[in-house]
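In: okay, here's the prediction I keep looking at, along with the sequence it came from:
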Amino acid sequence: MSPKKSPFFELRSGSVDTLLFVVKTTDLDAMRAELTRRFEATPEFFANDVVAIDVRRLAENERVPLADIAQLLDSVRMRPVGVVANAAQAWAAESALPLLEARDRRGATAKSAEEDSAGAPAAGASAAAASNASPAAAQASLLPPDTSATSDTGAANSGAPVVPTPAAEPVRLATSSQTTVIDKPLRSGQRIYAKGDLVVLGLVSYGAEVIAEGNIHIYAPLRGRALAGVQGNHDARIFCTCLEPELISIAGIYRTTENPLPADVLGKPVQIWLDEEKLMIEPLRLT
């Protein structure tokens, strides 16, 4: 039987979305302290999420113990799958983790993960500037040793990104030219992925996640995660009638409940959009 027709497995070229853990220091103790501080209060935010260690921001003469960083990420329940390095960082290939070839959506010099934004809200809007970060999932190809072929780790045949989940694969709905409507509440652990806009008419519970390549409209309380513009659409927006989220994100720029929401938007109808690299949250005037 031809290997191409094997009913047992297939090897295909594919891509997966990962978070980038961008290393900016060689001080492992400082890195550990900061990572623990950020996630000890909300340990479920990135539980079982796939992450790549990006060392491209380090100087040419700087090195970090990649095995220790991988162990550190594992301690906060992230799942390191490889290393992103530039051509001058040959030492990265000496680790047990495979090298990943990242194709960043905003380029290799884009702002790194967990980089706080600064600046005031836009004039004329009662907007809250979110203290945010951009793990901006980069499309990364896992390169096996001694071969140019890439192994398929679950990507769809069309090459669409697969969003990692600790429970099950996300439900994929609609096409890029359509709007998906969900008319039932979403329970903890449920995850919806829409290739266009997404409209949710029921409660998004804690632990639930709604993801769209376009805009997200939620006509009910948002208590879980909402991620709009996940394919790099910086014009995407999130609208909801009651903002109580675990996480909100547009095009990889995100905010968690680590930073409490202002009283004028918490539990209120709001719209959320990007102003450059800052998440803006503005109350909606519905009456």
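Out: Received the coordinates, thanks.
In: could I get the full set of strands for the stretch 1-150 of the chain?
Out: With DSSP state E, counting those that start in this stretch as the criterion, the stretch 1-150 of the chain has strands at 16-22, 50-54, 79-84, 99-103, 128-129, 138-142.
In: dump these to a markdown table, plus distance to A33 and mean pLDDT.
Out: Heads up, the C-betas are built off the backbone N, CA and C, glycines and all. Converted to a markdown table, those look like this (distance: least, CB to CB, whole Å; pLDDT from 0 to 100):
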| stretch | distance to A33 | mean pLDDT |
| --- | --- | --- |
| strand 16-22 | 15 | 79 |
| strand 50-54 | 18 | 88 |
| strand 79-84 | 19 | 91 |
| strand 99-103 | 26 | 78 |
| strand 128-129 | 26 | 40 |
| strand 138-142 | 26 | 33 |
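In: of those, which is nearest E244?
Out: E244 lies closest to strand 128-129 among the strands of the stretch 1-150 of the chain, at 14.6 Å (CB to CB).
In: bridging residues for V51?
Out: L19, P80 (DSSP bridges).
In: am I right that it is in contact with L73?
Out: Yes. The criterion here is CB atoms under 8 Å, and V51 meets it with L73 at 5.9 Å.
In: out of the strands of the stretch 1-150 of the chain, nearest to I238?
Out: strand 128-129 (13.4 Å).
In: which stretches of the stretch 1-150 of the chain have low pLDDT?
Out: By pLDDT under 70, the low-scoring segments of the stretch 1-150 of the chain are 1-5, 14-15, 17, 40-47, 103-150.
In: for it, what spans make up the helices?
Out: Per DSSP state H, counting those that start in this stretch, the stretch 1-150 of the chain carries helices over the ranges 28-39, 66-75.
In: need the winner for burial among these.
Out: helix 66-75 (a mean of 16; mean count of other CB atoms under 10 Å).
In: what angle separates it from strand 16-22?
Out: For helix 66-75 against strand 16-22, the angle by axes from the mean of the first three to the mean of the last three CA atoms, to 10 degrees is 110 degrees.
In: counting by contacts, list what helix 66-75 packs against.
Out: Judged by 3 or more CB pairs under 8 Å, 6 or more residues apart in numbering; DSSP states H and E, helix 66-75 is in contact with helix 28-39, strand 50-54, strand 79-84.
In: this structure - how does it break down into domains?
Out: Domain ranges of the chain: 14-142, 171-283, per automatic domain parsing.
In: picking that back up, is it possible to get TSV of the strands of the stretch 1-150 of the chain that adds mean neighbour count and distance to I216?
Out: Shown next, in TSV, are the strands of the stretch 1-150 of the chain (neighbours: other CB atoms under 10 Å; distance: least, CB to CB, whole Å):
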stretch	mean neighbour count	distance to I216
strand 16-22	23	17
strand 50-54	24	22
strand 79-84	22	26
strand 99-103	17	25
strand 128-129	20	18
strand 138-142	20	21
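In: before we move on, back to that, deepest of the domains of the chain, which one?
Out: Using mean count of other CB under 10 Å, domain 171-283 ranks as the most buried of those, with a mean of 19.
In: same list (the helices and strands packed on helix 66-75) but as CSV, adding distance to D197.
Out: Converted to CSV, these look like this (distance: least, CB to CB, whole Å):
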stretch, distance to D197
helix 28-39, 31
strand 50-54, 26
strand 79-84, 30
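In: with V22 as the reference, name the closest of these.
Out: Closest among these, using CB to CB: strand 50-54, at 4.5 Å.
In: kindly format the C-alpha coordinates of the closest one as CSV.
Out: Provided in CSV are the C-alpha atoms of strand 50-54 (Å, rounded to 0.1, in the frame of the first residue of the first chain):
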residue,chain,number,x,y,z
VAL,A,50,1.0,26.3,23.2
VAL,A,51,3.9,28.7,23.5
ALA,A,52,7.2,29.3,21.5
ILE,A,53,10.2,30.8,23.2
ASP,A,54,11.4,33.8,21.2
